[in-house]
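In: here is a sequence with its predicted model. Questions after.
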Amino acid sequence: MVDAQMASSWELNPIYATLHESSYADGGATRWSGHRLGDHLRPPRRRARLPLDVDDYASLHAHREVAQILAQHPWPRLYDADRLARNEVPLAATVYVDDVYVERSFAEETARGVRGLRAWVTNGYAHNGLRADGERIVGRLLDMVRGRREPMDVTFAYPAKECLQSAG
């Protein structure tokens, strides 16, 4: 438990804390969306609540100016849905049933929009699959892409035959 708390500490990961807010931008500036949404997120999710966290964590003090610039930066669209729908690269992804940070329905919707994506939906991990059991997770995803393994615990899979054949 202590390892989990330490790994997510803004004090130990100041760059992650500083960049975290901008990872949610999709075609605009975040302008401290985590702070503005606050406890209205359901379920409540811990995100860097900058600008407040800058004052709470000494390791973030030096990041104040950069964090302000990032929050006001007009970010481009992260994904081109039309291009993803025409994807020709075999893909596999893990969707965590009980993920506390990513709404399952959003992950499933995204997966359905990516041609050739095979999704392994599992309740065996909660957002931390790579950290908790990276070798197993990556191994399973690679096997899925190569057609050597079907997703188990799967709720949906959208393989495109021609994508999977090219992975052989």
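Out: Okay, I see it.
In: OK, contacts around the nearest residue to residue 99 once chain neighbours are set aside?
Out: Closest residue in space to residue 99, ignoring its immediate chain neighbours: residue 127 at 4.5 Å, by C-beta to C-beta, 6 or more residues apart in numbering. From N, CA and C alone the C-beta is placed, and that goes for glycine too. Neighbouring residues of residue 127 by C-beta atoms under 8 Å, 6 or more residues apart in numbering: 96, 99-102.
In: hey, where'd the helices end up in this structure?
Out: 2-7, 14-20, 33-37, 52-56, 64-72, 81-85, 104-112, 129-145, 161-167 (DSSP state H).
In: as TSV, these with mean neighbour count would be great.
Out: Below are the helices of the chain laid out as TSV (neighbours: other C-beta atoms under 10 Å):
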stretch	mean neighbour count
helix 2-7	10
helix 14-20	18
helix 33-37	15
helix 52-56	16
helix 64-72	15
helix 81-85	11
helix 104-112	14
helix 129-145	16
helix 161-167	14
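In: out of the ones you listed, the one nearest residue 91 is which?
Out: helix 129-145 (6.7 Å; C-beta to C-beta).
In: good, wrapping up.
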